[in-house]
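K.L.:
Have a look at this prediction, sequence included:
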Amino acid sequence: MPYPHVLLSAAVSLDGYLDDTGPDRLLLSSPADFDRVDEVRASVDAILVGAGTIRADNPRLLVNSPERRAARVAAGRPEYPLKVTVTATGDLDPDAKFWHTGGEKTVYTTDEGARRARALGIAADVVPLGAGLGWRPLLAHLYDVRGVRRLMVEGGGTVHTQLLQQGLADELQLVLAPLFVGDPKAPRLFGPGGYQAGRLRLLDTRRIEDVVLMRYEPTAPGTGGSAAAADRHWLRLACELAAHCPPSRTAFSVGAVVVAADGTELARGHSREAGDPVVHAEEAALAKIPPADPRLATATVYTSLEPCTHRASRPHPCAELILRAGVRRVVTAWREPDTFVTAADGTGTLREAGVEVLVLGEYEAQAKAPNGHLLG
Ligand SMILES: NC(=O)C1=CN([C@@H]2O[C@H](COP(=O)(O)OP(=O)(O)OC[C@H]3O[C@@H](n4cnc5c(N)ncnc54)[C@H](OP(=O)(O)O)[C@@H]3O)[C@@H](O)[C@H]2O)C=CC1
Ligand SMILES: Nc1c(N[C@@H]2O[C@H](COP(=O)(O)O)[C@@H](O)[C@H]2O)[nH]c(=O)[nH]c1=O
C-alpha cells in the first residue's frame, strides 16, 4: 500500500523543546528559516499538525509568499496545500484560524470525534477512521482519496513521536535554535518510547542565520509484515543497483541489499558483479557477510526481484542461500515471471520456511526497467 512521502518538520531548542509554556508561540526559527519553511510548504500537497498545535498556536499554516502560490497555480496545483489535522476527541475550536484561511481542510478522527467535530460546526471535511485512529489508514486515505504524494508534518511533539516510532517518517527536517527553554513542563520534540535502534542517516546540514538545519532519514527496517518508510528507501536502492548490472540476454538484472535491524547496511550486490558472469544479486551480497555474523538473524534482505528457487548456473538458489544465512525477512518489488523458469515462486518457498516476505508492488516498474528486453 503506497503512502505519501512523510516529512517531519520542526524547530527545537538546544535542550530539546518545541515551545515554552508561555501564552505566545515561541519563535525558534530565524526569519530566513521561516522563509525556508514557507518554501517547503509550497512544495508539498498537504500540511498536517496535531489538534494540540491548533489549540496552542492557533496557526494558519499558509504558503505566505505570493510568488510561491502563483507558481503552484501555474503548475496546475491548488494555491495552498491541503491542511490536515488529527484529533481523537474532536475537541476543536470552530473559530480557529486553521479553518478560515487557505484552501481545503481535512480532519481525521475517531467515530466519536467526528460526532463532536460535526456538532461543533467545524468547517472541514471530517473523516472518521473507526473507534481508534491509526496512522496507516490515515496515510493510505491521504494517498488514495486526497491524492497526496508529499506530506509535511509540522508537529507537535505527540504527532512527530508517533510517526517516527511507527516507522512512518521518510525524512526529518530539524532546525536547532540557539536558545534554551529549561522548563520540564514545556512540550518536547520527541517523547519517550521505542525508536529505531542505531543511527539515522544524516542527509544534509545547512547554516541559516543563527540556526542549523539538519535533514535525517530513518534507516531501520520495519518488523514483521508492515513496511516501514526505511523499507521503501532500501528497496529503492536495490532497484537502483539493478540498473548497474552488466547487460545480459540470458539473465535478469537484479540488485540486493542486506540491512541489519539497527539500519546498518551489511552488504550490497548486483547481478554479474565483479566479472562473475552468473552471480546473482542476493548471492553476491550475502557472500560479503561472514556467515557467523549474529546480525543476520534479524536482518532484512531487499531484492528488486524475488529470490530464485531454481538455478542451472550454481548449485544453490538464492532462496536457499537466504535460509542458510538465517535471514527471516525479505522485501522485494517484483515476482519472478516465467521468462527463464516456470512458476519459480521464491516468495512462496521462503514463506513456507517461515520467512516474512513483503512484496511492494509500487516498485515493480523500477525493478523491471533494466529487464525490459527480456520481457514479452
Ligand atoms: N517548534 C516547532 O517547530 C513546533 C512547535 N509546536 C508546539 O508543540 C506544542 C503542541 O504539541 P503537542 O501538545 O504534542 O500536540 P500535537 O500537535 O502533537 O497534537 C496532539 C493531539 O493530536 C491528536 N492526536 C495525536 N495523535 C493522535 C492519534 N494517534 N489519534 C488521534 N488523535 C491524535 C490528539 O488530539 P485530541 O486531544 O483532540 O484528541 C492529541 O492531543 C505546542 O506548544 C506548539 O507550539 C508545534 C509544532 C511545531
Ligand atoms: N515555532 C516554530 C514553528 N511552529 C510551527 O509553525 C506553525 C505556525 O505557522 P503559521 O501559521 O505560518 O504562523 C505552528 O503551529 C507550528 O506548527 N515552526 C518552525 O519551523 N519554527 C518555529 O520556530
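P.N.:
Looks like it arrived, so ask away. Ligands and ions are numbered 1, 2, ... in the order given.

K.L.:
Please list the residues of the stretch 101-250 of the chain that sit near ligand 2.
P.N.:
Within the stretch 101-250 of the chain, the positions lying close to ligand 2 (CB under 6 Å from any ligand atom) are Glu154, Gly155. Glycine gets a C-beta too; all of them are placed from N, C-alpha and C.

K.L.:
8 Å instead, please
P.N.:
Proximity of the stretch 101-250 of the chain to ligand 2, by CB under 8 Å from any ligand atom, involves residues Glu154, Gly155, Gly156, Val175, Ala177.

K.L.:
how about the residue located most distally from the centre of the chain, what does it touch?
P.N.:
What lies farthest from the middle of the chain is Ala312; by CA atoms, centre = their mean that is 38.2 Å. If a contact means CB atoms under 8 Å, 6 or more residues apart in numbering, then Ala312 has no contacts.

K.L.:
And the pLDDT at it?
P.N.:
As predicted, Ala312 sits at a pLDDT of 86.

K.L.:
if I look at it, how far off is Thr264?
P.N.:
34 Å (CB to CB, to the nearest Å).

K.L.:
Leu213 contacts Arg36, correct?
P.N.:
Yes. Counting by CB atoms under 8 Å, Arg36 is a contact partner of Leu213 at 7.1 Å.

K.L.:
Return the subset of the residues of the stretch 101-250 of the chain next to ligand 2 lying in strands.
P.N.:
Judged by DSSP state E, the subset of these located in strands is Val175, Ala177.

K.L.:
Export the residues of the stretch 101-250 of the chain next to ligand 2 as JSON lines, with columns for distance to Ala229 and pLDDT.
P.N.:
Shown next, in JSON lines, are those (distance: CB to CB, whole Å; pLDDT from 0 to 100):
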{"residue": "Glu154", "distance to Ala229": "18", "pLDDT": "98"}
{"residue": "Gly155", "distance to Ala229": "18", "pLDDT": "94"}
{"residue": "Gly156", "distance to Ala229": "20", "pLDDT": "95"}
{"residue": "Val175", "distance to Ala229": "21", "pLDDT": "98"}
{"residue": "Ala177", "distance to Ala229": "26", "pLDDT": "98"}
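
K.L.:
and the residues of the stretch 101-250 of the chain next to ligand 2 near ligand 1, which?
P.N.:
Glu154, Gly155, Gly156, Val175.

K.L.:
So of those residues, which two are at opposite extremes in space?
P.N.:
The distance between the two most remote of these (CB to CB) is 14.8 Å, for Gly156 and Val175.

K.L.:
Check the stretch 101-250 of the chain for the residue nearest ligand 2 and tell me.
P.N.:
Glu154 (3.6 Å; CB to the nearest ligand atom).

K.L.:
cool, and the stretch 51-200 of the chain?
P.N.:
Pro59 (3.2 Å).

K.L.:
which residues does that residue contact?
P.N.:
Neighbouring residues of Pro59 by CB under 8 Å, 6+ apart: Arg25, Val49, Thr53, Lys97, Phe98, Glu154.

K.L.:
can you check Glu336 too?
P.N.:
By CB under 8 Å, 6+ apart, the residues touching Glu336 are Phe252, Leu305, Glu306, Cys308, Ala344, Asp345, Gly346.

K.L.:
Which ones among the residues you listed lie within strands?
P.N.:
Leu305.

K.L.:
Let's have the contacts of Glu336 in TSV, adding pLDDT, neighbour count and distance to Gln165.
P.N.:
Below are the contacts of Glu336 laid out as TSV (pLDDT from 0 to 100; neighbours: other CB atoms under 10 Å; distance: CB to CB, whole Å):
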residue	pLDDT	neighbour count	distance to Gln165
Phe252	96	24	37
Leu305	98	30	32
Glu306	97	26	30
Cys308	96	26	36
Ala344	90	22	37
Asp345	93	17	35
Gly346	95	26	32
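
K.L.:
Out of the contacts of Glu336, which are close to ligand 2?
P.N.:
Answer for the contacts of Glu336 near ligand 2: none qualify (CB under 8 Å from any ligand atom).

K.L.:
Could you tell me which of the contacts of Glu336 belong to helices?
P.N.:
Judged by DSSP state H, those include Gly346 as members of helices.

K.L.:
now, the most widely separated pair of the contacts of Glu336?
P.N.:
Phe252 and Asp345 (15.3 Å).

K.L.:
what residues does the stretch 101-250 of the chain put near ligand 1?
P.N.:
Residues of the stretch 101-250 of the chain lying near ligand 1 (CB under 8 Å from any ligand atom): 108-110, 113, 132-135, 154-162, 175, 186-187, 189, 191.

K.L.:
Now do Thr342, the pLDDT please.
P.N.:
Looking at Thr342, its pLDDT reads 88.

K.L.:
just to revisit the earlier point, of all the contacts of Pro59, which comes closest to ligand 1?
P.N.:
Taking the contacts of Pro59 together and measuring to ligand 1 by CB to the nearest ligand atom, the closest member is Thr53, at 3.4 Å.
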